[in-house]
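Enquirer: Mind looking at a prediction? Sequence and model below.
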Amino acid sequence: MFRLVASRSKSIRPIASCVDSFAARAFSRQSSAVAASSQYQIPTSAFSSHQRQFSSSHDDFSPQKKHNLDGNENESEMLKMIDSHVKANNIMLYMKGSPSQPMCGFSATVVQILKSTGCDFASVNVLDYPDVREGVKKYAQWPTIPQLYVNGEFVGGCDIIKDMHESGELKELLEEVKE
């Protein structure tokens, strides 16, 4: 394709030989590649894009349940345990993470509000206990976490606690607990 020749300055420089034949070969390869591409099928997935297929080769690849509350017996035991937590603690918070290290912004907001009031409160990290996470949602009939209970009664989640804090209602409610 290229031939190296010495120049007058005694350095080596490439010189094209048969440039026309090189260009002709390149053009013929390109045009045959374009023509050949229509002969091949583009590989596609065997699975439909709107259906997700799971491998049955190993349990790690199978769908997992969110919780283990299967049956009325386990569920009723869980609800009894949650009820005992709520009644045993004047201020009980079910949250994601711990008060020293909240694992979601909503839980962090509620913890910050409770700390600003100066009240002591008990908490449960629902991320450590998936059964409690699902059970507390059924207990309060409230779908989200965090959940705050005061004197055994469900007060609300993050938005409600924030609104009560801004209006002064939360401070009044928590002062009753201090007395």
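Expert: Thanks, I have it.

Enquirer: so where do the strands sit in this protein?
Expert: Ranges of strands in the chain, per DSSP state E, are 2-6, 12-16, 91-95, 97-98, 101-102, 122-125, 147-150, 153-156.

Enquirer: Pull out the buried residues from stretch 137-155.
Expert: 137, 139, 140, 145, 146, 147, 148, 149, 150, 154, 155 (16 or more other Cβ atoms under 10 Å). The way it works is simple: take the backbone N, C-alpha and C, and place the C-beta from them, glycine included.

Enquirer: May I have that stretch exported as CSV, CA atoms only?
Expert: Taking C-alpha atoms only, stretch 137-155 is exported to CSV below (Å, rounded to 0.1, in the frame of the first residue of the first chain):
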residue,chain,number,x,y,z
LYS,A,137,-49.0,0.3,57.6
LYS,A,138,-51.9,-2.1,58.3
TYR,A,139,-52.0,-1.1,62.0
ALA,A,140,-52.6,2.6,61.2
GLN,A,141,-54.2,2.0,57.8
TRP,A,142,-51.7,4.5,56.6
PRO,A,143,-49.5,3.6,53.5
THR,A,144,-46.3,5.6,54.2
ILE,A,145,-43.5,5.8,56.6
PRO,A,146,-42.6,7.6,58.9
GLN,A,147,-45.5,7.2,61.3
LEU,A,148,-45.7,9.0,64.6
TYR,A,149,-47.8,7.8,67.6
VAL,A,150,-48.4,10.0,70.7
ASN,A,151,-50.1,8.5,73.8
GLY,A,152,-51.0,5.4,71.8
GLU,A,153,-52.7,7.2,69.0
PHE,A,154,-51.6,7.7,65.4
VAL,A,155,-50.8,11.3,64.7
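
Enquirer: re earlier: could I get the buried residues of stretch 137-155 as TSV with distance to residue 168?
Expert: Converted to TSV, the buried residues of stretch 137-155 look like this (distance: Cβ to Cβ, whole Å):
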residue	distance to residue 168
137	29
139	28
140	24
145	25
146	21
147	22
148	16
149	20
150	15
154	20
155	14
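
Enquirer: just checking, which of the strands of the chain comes out with the lowest mean pLDDT?
Expert: Among these, strand 2-6 has the lowest mean pLDDT, at a mean of 47.

Enquirer: Point out where this protein drops to low pLDDT.
Expert: 1-72, 179 (pLDDT under 70).

Enquirer: try it again with 80
Expert: 1-73, 178-179 (pLDDT under 80).

Enquirer: Which stretches in it count as helices?
Expert: For the chain, the helices defined by DSSP state H cover 19-37, 72-88, 105-117, 130-140, 158-167, 169-178.

Enquirer: can you redo those as TSV with distance to residue 94?
Expert: Formatted as TSV, those follow (distance: least, Cβ to Cβ, whole Å):
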stretch	distance to residue 94
helix 19-37	60
helix 72-88	8
helix 105-117	9
helix 130-140	5
helix 158-167	12
helix 169-178	17
